[in-house]
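Enquirer: how would this look folded up:
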Amino acid sequence: MTVCGIELSSSEARLVLLEGKKDDFILVETKLRKIKLNDEADQNEVKAFRDSIFAFFREKQVSIIAIKKRGKRGAYSGGPVGFKLEGIIQLYEECPVVLVSPQTISATKKRYKYTIPEEIMKYQHIAFETAFTKL
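Expert: Sure thing, here's the model as predicted:
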């Protein structure tokens, strides 16, 4: 099973792929670590984002997509572009797309005491934690 963990930040989707189980997983190396939506008001740019991320899911044969859930209000709320990206990703029909709450991610971190692989860039840490939670 290949899990794609995603953190939506501003106008980009930060990606990490993991395979296996929580007690025995591998990081799937990929050159593509994030996909950016350049202009959310331009229909062609939105379609290009959709096509790019859907092609990535197909190419990597993703089994489940896990997006870190963001608040709708308050200090940690997501911006409107992030919710647009989330909606686009949720339209992917070839595998389940789930939203993972920050509380669930925190509980998983406490329970499993994992180490984030060195190959993961700092900006990908939350995407890694989200993917690990769904393994």
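
Enquirer: so after whatever helix or strand residue 104 lives in, what's the next helix or strand?
Expert: According to DSSP states H and E, residue 104 maps onto helix 102-112. Beyond helix 102-112 on the C-terminal side, the first helix or strand identified by DSSP H and E is helix 125-134.

Enquirer: mind checking how far the longest helix seen in the chain is from the chain centre?
Expert: Counting residues, the longest helix found in the chain (DSSP state H) is helix 43-59. Relative to its chain's centre, helix 43-59 lies at 14 Å (C-alpha atoms, centre = their mean, to the nearest Å).

Enquirer: mind listing what's buried in it?
Expert: 46, 49-50, 53-54, 56-57 (16 or more other C-beta atoms under 10 Å). Any C-beta I mention is one placed from the backbone N, CA and C, and that applies to glycine too.

Enquirer: ok, so of those residues, who is nearest residue 93?
Expert: Residue 93 lies nearest to residue 54 out of these, by C-beta to C-beta, at 9.4 Å.

Enquirer: check contacts around the closest residue in space to residue 67 that isn't next to it in sequence.
Expert: Among residues not flanking residue 67 along the chain, residue 6 sits closest, at 4.7 Å (C-beta to C-beta, 6 or more residues apart in numbering). By C-beta atoms under 8 Å, 6 or more residues apart in numbering, the residues touching residue 6 are 13-15, 65-68, 89, 127, 130.

Enquirer: Which helix or strand contains residue 6?
Expert: Counting by DSSP H and E, residue 6 is found in strand 2-9.

Enquirer: strands paired with that strand, and their directions?
Expert: Strand 2-9 has its sheet partners listed here by DSSP bridges as strand 12-21 (antiparallel), strand 64-68 (parallel).

Enquirer: so which of the ones you listed comes closest to residue 29?
Expert: strand 12-21 (8.3 Å).

Enquirer: What residues of the closest one count as buried?
Expert: For strand 12-21, by 16+ other C-beta under 10 Å, it's 12-19.
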